[in-house]
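1. any chance you could fold what I've pasted below:
(4 chains)
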There are 2 protein chains.
Amino acid sequence: MPVQLLDLPVLLLSAARALVDGIDAGVRARGFTDLRPAHGFAFARLAGDGATVMQLAEHLDVTKQAASQMVEDLAKKGYVERRPHPDDARARLIVLTEKGRACTRAADEAAEEVLRPWAEQLGPERLATLRQDLSKLATPGRVRPTW
Amino acid sequence: MPVQLLDLPVLLLSAARALVDGIDAGVRARGFTDLRPAHGFAFARLAGDGATVMQLAEHLDVTKQAASQMVEDLAKKGYVERRPHPDDARARLIVLTEKGRACTRAADEAAEEVLRPWAEQLGPERLATLRQDLSKLATPGRVRPTW
DNA sequence: TCCATTTAGTCAATCAGCTTGACCATATAG
DNA sequence: CTATATGGTCAAGCTGATTGACTAAATGGA
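-> Numbers count the residues shown, from 1 in each chain, chains lettered A, B, ... in the order given. So this is what the prediction gives:
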């Protein structure tokens, strides 16, 4: 195996970090300064039809207590809302507020802004290849890195 | 811009996470159970001629106090050693002990183990392309992700 | 040469985010 | 109808980071 390969980990992590940092900066620049990247992973799960605390905990790969604390924090800041769950009286359905949706739109814009120069640099076909190859390598499920 | 691109962040993060988790598991399997992935980034900087606490702090993108605490922890566990700095009496040169070098070898093996199936799946030329493209995207310097 | 400022490192206190453990309310299975 | 499992919160504690204060040594003028 060529030794060169051993720096692939560093490149991968560096690119991932550049991406996350860039999106985080873009979100902050749009006025959402009280959020961290980790909140973005939560928003991604809540967008759409919302989720329970348990579902959120699984998505983030943390305990239900930690997820509950994050929801409490996000609710206090006005990004999410706890509704009674339609099918289960024990559970609550956590959904994004209008402020929360506005923030996800800002994150989408920020992501596009970060990716645009990448797309220009590589060209569309190589970017598509990159996407395909990464999809083969990525472990499905685990999204949020916590190291 | 094609909407597809918006899932590139997720793929990138997912691949990075798979990689870090895999290496971490490999290192633990080789008997180094008292280390976290973050220590690996420190070892990478210390390998070779060692580094000062300040240099380590910059590499890890944390305060000098945090770096100092990590060094204290690694020294207590026997992975590093603080020597007087040859050129500066204020500074200390942090170097890996034999145990520390053994651990970096274990990490290299683990990394190779994780990358081997990737290389087989993509083939050498596509992997080389992946490496090249990632190197264009990666922000030089920032290695350790802390989000 | 002497003094002012910068730099390397540590100690101490604090904080944020996560964990474990205990608990209540509701759902589900026998 | 009762026993158990599940969703959620409260409380306490831990870990890894932060800021602030300090000492010792280096640097850079007058």
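2. now A:Glu113: closest residue in space, sequence neighbours ignored.
-> If you skip the residues right next to it in sequence, A:Glu113 has A:Gly26 as its closest partner in space, 5.6 Å away by CB to CB, 6 or more residues apart in numbering or on different chains. Using the backbone N, CA and C atoms, a C-beta is placed for each residue, glycine as well.
3. helix B:8-29 and the strand or helix carrying that neighbour, what's the angle between them?
-> Assignment of secondary structure by DSSP states H and E places A:Gly26 within helix A:8-29. Counting by axes from the mean of the first three to the mean of the last three CA atoms, to 10 degrees, helix A:8-29 points 130 degrees away from the direction of helix B:8-29.
4. in helix A:8-29, what counts as buried?
-> Of the residues in helix A:8-29, A:8-24, A:26-27 count as buried by neighbour count, 16 or more other CB atoms under 10 Å in any protein chain shown.
5. look at the residue nearest the centre of chain A and tell me its secondary structure.
-> Centroid-nearest residue in chain A, with CA atoms, centre = their mean: A:Phe41, separated by 2.9 Å. Under DSSP: H, G, I helix; E, B strand; the rest coil, the three-state class of A:Phe41 is helix.
6. surely it touches A:Asp61?
-> No. Taking CB atoms under 8 Å as the definition, A:Phe41 is not a contact partner of A:Asp61, at 9.5 Å.
7. which element is the nearest residue to A:Gly31 once chain neighbours are set aside on?
-> Taking CB to CB, 6+ apart, and ignoring the residues beside it in sequence, A:Gly31 has A:Ala106 as its nearest neighbour in space, at 7.7 Å. For A:Ala106, the host element (DSSP H and E) is helix A:98-122.
8. what about A:Gly78, distance to chain B?
-> When CB to the nearest CB, to the nearest Å is the yardstick, A:Gly78 and chain B sit 22 Å from each other.
9. which of the three states applies to that residue?
-> When states are read from three-state DSSP, the local structure at A:Gly78 comes out as coil.
10. quick one: it and A:Lys99 touch, right?
-> Yes. Applying CB under 8 Å, one finds A:Gly78 in contact with A:Lys99, separated by 5.0 Å.
11. all good on my end, thank you.
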